[in-house]
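In: Mind looking at a prediction? Sequence and model below.
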Amino acid sequence: MNVQEDFNKFIKDSKRVLKVAKKPDSKEYRELAKISALGVAVIGVLGFVIVLLGSLIGL
């Protein structure tokens, strides 16, 4: 395949994805925001615990 054929395939695939995709409603958006915030909080707490344990052991 040459560059032009690759580009045309990419455009065709992108159009197909945009036809199937939909904008999330407010309920779905809130659920995604809650899940994302929970994930950030869990990672933050985990990082804090690791730093705390490291300072207690003297690393």
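Out: That came in fine, so what should we check first?

In: what's the distance between Val51 and Gly44?
Out: 11 Å (C-beta to C-beta, to the nearest Å). Where you see a C-beta, it was placed from the backbone N, CA and C, and this is true even at glycine.

In: overlap in contacts of the two?
Out: Between them, Val51 and Gly44 share no contacting residue under C-beta atoms under 8 Å, 6 or more residues apart in numbering.

In: quick check, distance from the strand or helix carrying Val17 to the centre of its chain.
Out: Assigned by DSSP states H and E, Val17 belongs to helix 3-20. Centroid displacement of helix 3-20 relative to its chain, using C-alpha atoms, centre = their mean, to the nearest Å, is 23 Å.

In: Send me that helix as CSV with only the CA atoms.
Out: C-alpha atoms of helix 3-20 as CSV (Å, rounded to 0.1, in the frame of the first residue of the first chain):
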residue,chain,number,x,y,z
VAL,A,3,0.7,6.6,1.3
GLN,A,4,-2.4,7.7,-0.6
GLU,A,5,-4.1,4.4,-0.1
ASP,A,6,-3.2,4.4,3.6
PHE,A,7,-4.6,7.9,4.0
ASN,A,8,-7.8,7.0,2.2
LYS,A,9,-8.3,3.9,4.4
PHE,A,10,-7.7,6.0,7.6
ILE,A,11,-10.3,8.6,6.5
LYS,A,12,-12.8,5.8,5.7
ASP,A,13,-12.2,4.1,9.1
SER,A,14,-12.5,7.5,10.9
LYS,A,15,-15.8,8.2,9.2
ARG,A,16,-17.1,4.8,10.3
VAL,A,17,-16.1,5.5,13.9
LEU,A,18,-17.7,8.9,14.0
LYS,A,19,-21.0,7.5,12.7
VAL,A,20,-21.2,4.9,15.5
